[in-house]
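>>> Here you go, sequence then predicted model.
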Amino acid sequence: MSSNNRRIVLASRPQGEPTAENFRLETVSKPTPQSGEVLLRAVYLSLDPYMRGRMNDAKSYADPVGIDEVMVGATVSQVEASQHPDYKVGDWVLAFGGWQDYCVSNGEGLMNLGANPSMPSYALGIMGMPGFTAYMGLLEIGAPKAGDTLVVAAATGPVGATVGQIGKLKGCKVVGIAGGAEKCRHAVEVLGFDACIDHKAADFAEQLAAHCDQGIDVYFENVGGKVFDAVLPLLNTGARVPVCGMISQYNATSLPAGPDRLSLLMGTLLVKRIKMQGFIIFDDYGHRYPEFAKDMSQWLANGKIQYREHLVDGIENTTKAFIGLLKGENFGKLVIKLNEPLSI
């Protein structure tokens with residue numbers, strides 16, 4: 001086992017799109033656990049769009065990453081050494097270890113996945129934050145009913161794909177929005193959506209209106225920008241809009257050019273009595289994780305939910321993969337394999 005810890009730190013704050021120069025891969029000594037602590041060896045690292053916001057020195061729901069600090073992120077790790085009574089060597093845990101090989105934990109915030117989980121990386125996706133986000137955002141805020149038209153953007157990403165499939169289980173007509181013909185085919189043929197529209201198409205707004213001829217009852221917002229511009233006039237009276245993310249805007253350094261659409265948005269919300277609500281999954285619904293885990297485990301076991309992972313090998317490829325994520329280059333839940341599992 002290595003005595004070193006490879007880690008990626010924030011070297012500088014990006015202006016607009018992040019570049020490789022905003023990150024630094026460095027090697028330091030592996031930490032040593034003290035009494036009551038465990039040494040965690042990261043096997044899988046989750047890359048997610050929210051990380052772009054944490055690179056800004058701006059007030060948000062979580063503190064920004066400091067310059068020269070390790071980039072944040074959820075990991076599925078194994079206990080390599082333990083001085084904690086609740087964890088033994090080889091145990092798999094869901095942690096928040098960040099972009100690095102090793103970290104030390106006192107056990108706070110860890111979720112023990114046991115000695116032999118069948119698909120450990122799923123804890124970063126369908127059984128973790130993205131799946132939980134889709135489940136609570138759709139069912140609690142979106143409140144779908146049989147016969148509703150549900151539209152979800154970023155439809156083949158880990159949240160959007162799950163939203164659409166749960167919508168089908170609840171009897172909705174599901175229209176996805178994704179980038180490119182391959183992703184749209186996947187949404188229809190594998191995920192079971194009724195339709196999926198390529199947002200890169202010149203007549204995207206017209207296609208969306210044609211597929212949503214009865215209007216839109218639930219719009220799960222992951223994207224913002226031109227996608228929301230096309231959705232807004234199609235929202236029905238009493239529509240629900242869970243606001244999960246705005247990935248099209250994460251690299252923006254100023255407000256978009258063009259007319260101020262705020263009064264149009266506010267007027268539509270008022271006249272059509274639309275519910276539009278943002279949420280932060282663990283802050284708002286963390287206590288309901290067991291409810292989600294029970295349902296999702298059963299759906300997966302019964303083949304009712306399909307899940308796609310985009311696995312990239314090696315910490316040295318993390319930065320490139322993250323920059324690509326913000327451009328929609330991934331296909332499925334983006335996970336970095338940092339290390340091989342322990343040989344026990």
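That came through, no problem.

>>> quick one: contacts for Asn159?
Not Asn; residue 159 is Val. Neighbour list for Val159: 130-131, 133-134, 137, 220, 222, 244-245 [criterion: C-beta atoms under 8 Å, 6 or more residues apart in numbering]. In this view, the C-beta of every residue, glycine as well, is placed from N, C-alpha and C.

>>> Kindly recompute the last result at 7 Å.
Residues near Val159 by C-beta atoms under 7 Å, 6 or more residues apart in numbering: 130, 133-134, 222, 244.

>>> in what helix or strand does it lie?
helix 158-169 (DSSP states H and E).

>>> if we can go back for a sec, let's have the contacts of Val159 in CSV, adding neighbour count.
Below are the contacts of Val159 laid out as CSV (neighbours: other C-beta atoms under 10 Å):
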residue, neighbour count
Pro130, 25
Thr133, 26
Ala134, 32
Asn222, 26
Cys244, 29
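
>>> residue nearest the centroid of the protein?
Centroid check for the chain by C-alpha atoms, centre = their mean gives Pro130 as the closest residue, at 4.5 Å.

>>> now the nearest residue to that one once chain neighbours are set aside: how far from Val72?
For Pro130, ignoring the flanking residues on the chain, the nearest one in space by C-beta to C-beta, 6 or more residues apart in numbering is Pro158 at 3.7 Å. Here Pro158 is placed at a distance of 18 Å from Val72 (C-beta to C-beta, to the nearest Å).

>>> Comparing those two, which shows the higher neighbour count?
Pro158 (28 against 19; other C-beta atoms under 10 Å).

>>> dump the residue contacts of that one.
Contacts of Pro158 (C-beta under 7 Å, 6+ apart): 125, 130, 332-333.

>>> swap the cut-off to 8 Å and go again
125-126, 130-131, 134, 307, 332-333.

>>> Roughly how far does it sit from Glu329?
Pro158 sits 15 Å away from Glu329 when distances are taken as C-beta to C-beta.

>>> And for Ile216?
If you measure Ile216 against Glu329 using C-beta to C-beta, the figure is 28 Å.

>>> before we move on, what about Ala301?
Taking C-beta to C-beta as the measure, Ala301 falls 31 Å from Glu329.

>>> Could you check which of these two has the larger neighbour count?
Neighbours per residue (other C-beta under 10 Å) separate Ala301 from Glu329, with Glu329 holding more: 13 against 9.

>>> Tell me how far the more buried one lies from Tyr122.
Distance of Glu329 to Tyr122, given as C-beta to C-beta: 22 Å.

>>> Could you do Phe193 as well?
Counting by C-beta to C-beta, the gap from Phe193 to Tyr122 is 22 Å.

>>> the more surrounded of these two?
Neighbour tally, Phe193 and Tyr122, criterion other C-beta under 10 Å: the higher count belongs to Phe193, 26 against 21.

>>> Please name the residues that touch that one.
Contacts of Phe193 (C-beta under 8 Å, 6+ apart): 155, 164, 168, 174-176, 187.

>>> Can you check these and name whichever has the most neighbours?
Most crowded among the contacts of Phe193, counting by other C-beta under 10 Å, is Ala155 at 30 neighbours.

>>> before we move on, which element is it in?
Following DSSP H and E, there is no helix or strand that holds Ala155.

>>> so how far is Asn222 from the nearest residue to it once chain neighbours are set aside?
Closest residue in space to Ala155, ignoring its immediate chain neighbours: Gly176 at 2.9 Å, by C-beta to C-beta, 6+ apart. Taking C-beta to C-beta as the measure, Gly176 falls 11 Å from Asn222.

>>> now swap in Gly245 and tell me
In this view, Gly245 and Asn222 are 5 Å apart by C-beta to C-beta.

>>> ok, now Glu316?
29 Å.

>>> which residue ranges form the helices in the stretch 151-300 of the chain?
With DSSP state H, counting those that start in this stretch as the definition, the stretch 151-300 of the chain shows helices at residue ranges 158-169, 181-189, 204-211, 225-231, 262-271, 281-285, 289-301.

>>> Of the ones you listed, which is nearest Glu340?
helix 158-169 (23.6 Å; C-beta to C-beta).
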